[in-house]
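Colleague: Okay, structure incoming, though there's no sequence with it:
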């Protein structure tokens, strides 16, 4: 998911299940805005170097993503549901933050969480090659299991029965034998106040440089129509589009892949590496 750029891909890998593709349920036309009672940002040094986020900082990193994805269609897809029409904006915001705290904590445990800029100006969640967060211990420690109780019945159907299986199966179909041997950009987000400073590029290139050295693919889903243009400049190519279909209006995600590149020492040309 992406929100830095405008927003970069929720992606949580879980066990496969069958998707109810044909069901359409009326969407609640609720505006999801940031309420006044948000946690305060923690001050961090004002430098523009990418650094790894420790597990003790997961709440601050998650709050950056919550700000970035406050109006994102995918983030709202699980919260703006007919059976939570009575919820206040504060209740919706709190659940939105909770979801991102669970996901961020899981990536601190099993993946890579990076940030750049003062006060967590931008944050990226990556799942490295050979890693995943779908084991029971990670689900328990991160708090992801609580979503079975915090989401409404319709929210659970959208998240666990439609969204997660769709992302899991699409990633496997697109990457094939490289599915478990690639870098997965799960989330990338920039606070609205920190946009336009090149933070998203820094966070992405921090990993793509390593991916190039190791000959690894990078994969993401983009939930914002503006971002694919930005990702193409960073070497990503669109492979397909997928849709979440349980709301009144389908939510579209662009699936993008970046193949590793190498610099030829003799001529200084950049060309794509050949993957076996």
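Modeller: Perfect, I can see it now. Every value quoted in this text rests on a predicted model; they were computed, and no experiment measured them.

Colleague: ok now do residue 159, which residues does it touch?
Modeller: Residue 159 makes contacts with 78, 147, 151, as judged by CB atoms under 8 Å, 6 or more residues apart in numbering. To be clear about C-beta, it is placed using only N, CA and C from the backbone, and glycine gets the same treatment.

Colleague: same check, this time on residue 180
Modeller: Contacts here follow CB under 8 Å, 6+ apart; on that basis residue 180 touches 129, 130, 132.

Colleague: which SS class is the residue nearest to the spatial centre of the chain?
Modeller: Centre of the chain computed as the mean C-alpha position; nearest residue by CA atoms, centre = their mean is residue 187, 2.3 Å away. In three-state terms, and counting by DSSP: H, G, I helix; E, B strand; the rest coil, residue 187 is strand.

Colleague: Just to check, it is in contact with residue 111?
Modeller: No - because the distance of 10.2 Å does not satisfy CB atoms under 8 Å, residue 187 is recorded as not touching residue 111.

Colleague: count of residues packed around residue 215?
Modeller: Here the neighbour count serves as a burial measure; for residue 215 (other CB atoms under 10 Å) it reads 15.

Colleague: That should have said residue 148, apologies.
Modeller: Residue crowding around residue 148 was assessed by other CB under 10 Å; the count is 11.

Colleague: For it, which non-adjacent residue is closest in space?
Modeller: Distances taken as CB to CB, 6 or more residues apart in numbering put residue 156 closest to residue 148, at 6.6 Å, once the chain neighbours are dropped.

Colleague: number of nearby residues for that neighbour?
Modeller: By the criterion of other CB under 10 Å, residue 156 has 17 neighbours.

Colleague: Looks to me like it is in a helix.
Modeller: Yes - with three-state DSSP as the criterion, residue 156 is located in a helix.

Colleague: And the strands in the stretch 101-250 of the chain, which stretches?
Modeller: Shown for the stretch 101-250 of the chain, the strands assigned by DSSP state E, counting those that start in this stretch span residues 112-116, 122-127, 183-190, 218-222, 236-244.

Colleague: Note down every partner strand of the fourth one and its orientation.
Modeller: The reference is to strand 218-222. Counting by DSSP bridges, the strands paired with strand 218-222 are strand 183-190 (parallel), strand 251-258 (antiparallel).

Colleague: got the angle between that strand and strand 236-244?
Modeller: Strand 218-222 runs at 50 degrees relative to strand 236-244, counting by axes from the mean of the first three to the mean of the last three CA atoms, to 10 degrees.

Colleague: any chance you could map the helices in the stretch 151-276 of the chain?
Modeller: Across the stretch 151-276 of the chain, reading from the start of the chain, the helices by DSSP state H, counting those that start in this stretch fall at 153-156, 164-175, 199-214, 227-233.

Colleague: Of all the ones you listed, which one is nearest residue 103?
Modeller: Go through those one by one with CB to CB and the one that ends up closest to residue 103 is helix 164-175, at 11.7 Å.

Colleague: Per-residue pLDDT of the nearest residue to residue 234 once chain neighbours are set aside, please?
Modeller: For residue 234, ignoring the flanking residues on the chain, the nearest one in space by CB to CB, 6+ apart is residue 204 at 5.5 Å. At residue 204 the predicted local distance difference test score is 98.

Colleague: same thing with the one 4 residues further on?
Modeller: In the prediction, the pLDDT value recorded for residue 208 is 98.

Colleague: Return the set of residues that bridge with the nearest residue to it once chain neighbours are set aside.
Modeller: Ranked by CB to CB, 6+ apart and with sequence neighbours excluded, the top spatial neighbour of residue 208 is residue 218, at 5.9 Å. Residue 218 forms beta bridges with residue 183, residue 258, as assigned by DSSP bridges.

Colleague: so who does residue 218 touch?
Modeller: By CB under 8 Å, 6+ apart, residue 218 lies in contact with 182, 183, 184, 185, 207, 208, 211, 236, 257, 258.

Colleague: Farthest pair within those?
Modeller: Those two in the contacts of residue 218 that are separated most widely, counting by CB to CB, are 207 and 257, at 14.0 Å.
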